[in-house]
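Visitor: My questions concern the predicted model and sequence given below.
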Amino acid sequence: MERAERAVMDVESSGGGRDEEAVMRFVERCAITLTEAGVPRMPARIFVALLVSDDGRRTAAELAEMLQVSPAAVSNAVRYLQQVRLAVREREPGERRDHYRLYNDTWYEAVTHKDEMLKRWQEDMWEGIEAVGADTPAGRRLEETRRFYAFLLDEKPRLMERWRKVRSESAAEGGV
């Protein structure tokens with residue numbers, strides 16, 4: 001489907017209320033916020049561009065046109081988004097073009113993927129504690145950091161269960 005057709009579909013599906021200039025301002029503003037949180041600029045822009053598409057899906061050409069960047073920039077940005085589990089690349093049978101889309105549970109995927117990272121950070125803290133000595137100021141600081149990571153790992157399953165419940169209730173009420 002061509003970008004122009006998608007734009008018409010986006011406008012039609014939103015009741016004609018979609019303001020593309022406002023959408024682009026939002027994409028850029030939100031991307032800046034993500035960049036301030038540590039996400040590289042181009043992946044942040046691509047991620048938000050996918051978020052604002054009604055089906056959460058675009059081709060590299062559509063993203064490049066929308067953001068006025070090269071297809072190579074899109075490809076590199078999507079590679080990053082795939083690594084952090086915010087987006088996936090897929091191809092329709094018989095098509096030659098890749099489509100990039102958000103995971104259905106984008107935030108859930110991103111948050112749950114952090115378990116491995118938290119475990120590694122916790123292990124790294126043990127190594128640091130052993131290196132500097134547990135009874136030193138640095139050792140106590142590293143131990144507090146390690147305990148924080150352990151706390152996050154312990155609490156996250158309950159938090160995610162609460163989220164699934166809230167999401168389920170919202171869906172039952174006709175929400176997203």
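Guide: Great, that's in hand.
Visitor: A strand includes R58, no?
Guide: Yes - under DSSP: H, G, I helix; E, B strand; the rest coil, R58 falls within a strand.
Visitor: In contact with it, which residues?
Guide: For R58, the contacting residues are R6, A49, L50, M66, H99, Y100, R101, by CB atoms under 8 Å, 6 or more residues apart in numbering. Heads up, the C-betas are built off the backbone N, CA and C, glycines and all.
Visitor: Go again with 10 Å.
Guide: Listed by CB atoms under 10 Å, 6 or more residues apart in numbering, the contact set of R58 reads 3, 6, 46, 49-50, 52, 64-66, 74, 78, 87, 99-102.
Visitor: same deal with L81?
Guide: Shown in contact with L81 (CB under 10 Å, 6+ apart): 39-40, 42-44, 46-47, 50, 87-89, 100, 102-103, 106, 110.
Visitor: Would you mind checking the residues you listed for buried ones?
Guide: V39, M42, P43, A44, I46, F47, L50, A87, V88, Y100, L102, T106 (16 or more other CB atoms under 10 Å).
Visitor: Now intersect these with the helices, please.
Guide: Of those, the ones assigned to helices by DSSP state H are M42, P43, A44, I46, F47, L50, T106.
Visitor: in this structure, which helix or strand is least confident?
Guide: Using mean pLDDT, DSSP states H and E, helix 3-13 stands out as the lowest-scoring helix or strand of the chain, at a mean of 44.
Visitor: Look up how far W126 lies from A138.
Guide: From A138 across to W126, the span is 14 Å (CB to CB, to the nearest Å).
Visitor: Let me fix that, I meant to ask about D135.
Guide: Taking CB to CB, one finds D135 at 15 Å from W126.
Visitor: Who has more neighbours out of the two?
Guide: Under the criterion of other CB atoms under 10 Å, the comparison of D135 against W126 puts W126 first, with 12 against 9.
Visitor: can you give me the strands for the chain?
Guide: 57-59, 87-91, 98-102 (DSSP state E).
Visitor: Show me this structure divided up by domain.
Guide: Here the domain assignment for the chain is 3-102, 106-172, based on automatic domain parsing.
Visitor: Highest mean neighbour count out of these?
Guide: Greatest average neighbour count among the domains of the chain goes to domain 3-102 (a mean of 16), per mean count of other CB atoms under 10 Å.
Visitor: How far off centre is that domain?
Guide: When C-alpha coordinates are averaged (CA atoms, centre = their mean, to the nearest Å), domain 3-102 and its chain have centres 12 Å apart.
Visitor: Got the confidence number for R41?
Guide: Predicted confidence (pLDDT) for R41: 96.
Visitor: hang on, isn't it packed against L34?
Guide: Yes - using CB atoms under 10 Å, R41 is in contact with L34, at 8.6 Å.
Visitor: which ones are touching H99?
Guide: Applying CB under 10 Å, 6+ apart, the residues contacting H99 are D55, R57, R58, T59, A60, E62, V88, R89, E90, R91, E92.
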